[in-house]
Each structure stands twice: as structure tokens, then as C-alpha cells.
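S.K.: let me see the structure of the following:
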Amino acid sequence: MNGKDETRSGKIRTEAEIRAERLARTLRDNLQRRKQQARARRAGEADETTGLPGVGSAAKKDESDV
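M.R.: Numbering: from 1, shown residues only. Got it, this is the predicted structure:
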């Protein structure tokens with residue numbers, strides 16, 4: 001690749017322009033993904049758990065049986 005790319009319209013784009021467009025597309029995709037994650041978190045119920053899953057009364061009962 002010689003650092004230039006010709007588009008369908010005949011306009012020649014430099015490597016820097018191609019890189020900037022690729023970066024902009026990646027940033028847009030990332031922003032959309034983060035927005036979707038935020039919407040999903042808002043739609044869900046609040047997480048009421050405390051500590052690690054599986055740690056609770058069952059684990060304490062097993063320790064007291066020993």
C-alpha cells in the first residue's frame with residue numbers, strides 16, 4: 001500500500017485520513033455499546049446481594065458442623 005486509497009468518487013484519501021475514519025468508527029461503536037450497557041443496567045433490578053455468591057448461611061452451617 002502506498003499510503004493513499006482511491007474511493008469510488010475518485011477522491012484520493014491519505015493514510016492519515018483512513019486511520020482517522022477508522023478511529024472515529026471505532027469510537028462511535030464503543031459509545032453505542034456503552035450506552036446499551038447503561039440502558040440494560042437501568043432496566044434491571046438493583047443488585048441486593050452482599051459479598052460473594054455462595055457465601056452465606058449455608059457456608060456458615062457447614063463450618064459449624066466440622
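S.K.: and the top helix by length along the chain, what does it pack onto?
M.R.: In the chain, ranked by residue count with DSSP state H as the criterion, the top helix is helix 15-43. Judged by 3 or more C-beta pairs under 8 Å, 6 or more residues apart in numbering; DSSP states H and E, helix 15-43 is in contact with strand 4-6. The C-beta positions use only the backbone N, C-alpha and C, and glycine is treated the same way.
S.K.: quick one: mean pLDDT over the strand it packs on.
M.R.: In this model, strand 4-6 has an average pLDDT of 61.
S.K.: if we can go back for a sec, enumerate the positions of the longest helix of the chain that are buried.
M.R.: Residues of helix 15-43 classed as buried: none (neighbour count, 16 or more other C-beta atoms under 10 Å).
S.K.: could you list the low-pLDDT ranges of this protein?
M.R.: Confidence mapping of the chain against pLDDT under 70 gives the ranges 1-10, 45-66.
S.K.: recalculate using a threshold of 80.
M.R.: With pLDDT under 80 as the threshold, the chain has low-confidence stretches at 1-11, 43-66.
S.K.: isn't there a helix covering residue 13?
M.R.: No - in this structure, residue 13 is strand, not part of a helix, as judged by DSSP: H, G, I helix; E, B strand; the rest coil.
S.K.: for it, give its distance to residue 22.
M.R.: 11 Å (C-beta to C-beta, to the nearest Å).
S.K.: ok, residue 43 next?
M.R.: Shown here: residue 43 relative to residue 22, a distance of 32 Å by C-beta to C-beta.
S.K.: next, count neighbours for residue 13.
M.R.: As a burial measure, residue 13 scores 15 neighbours (other C-beta atoms under 10 Å).
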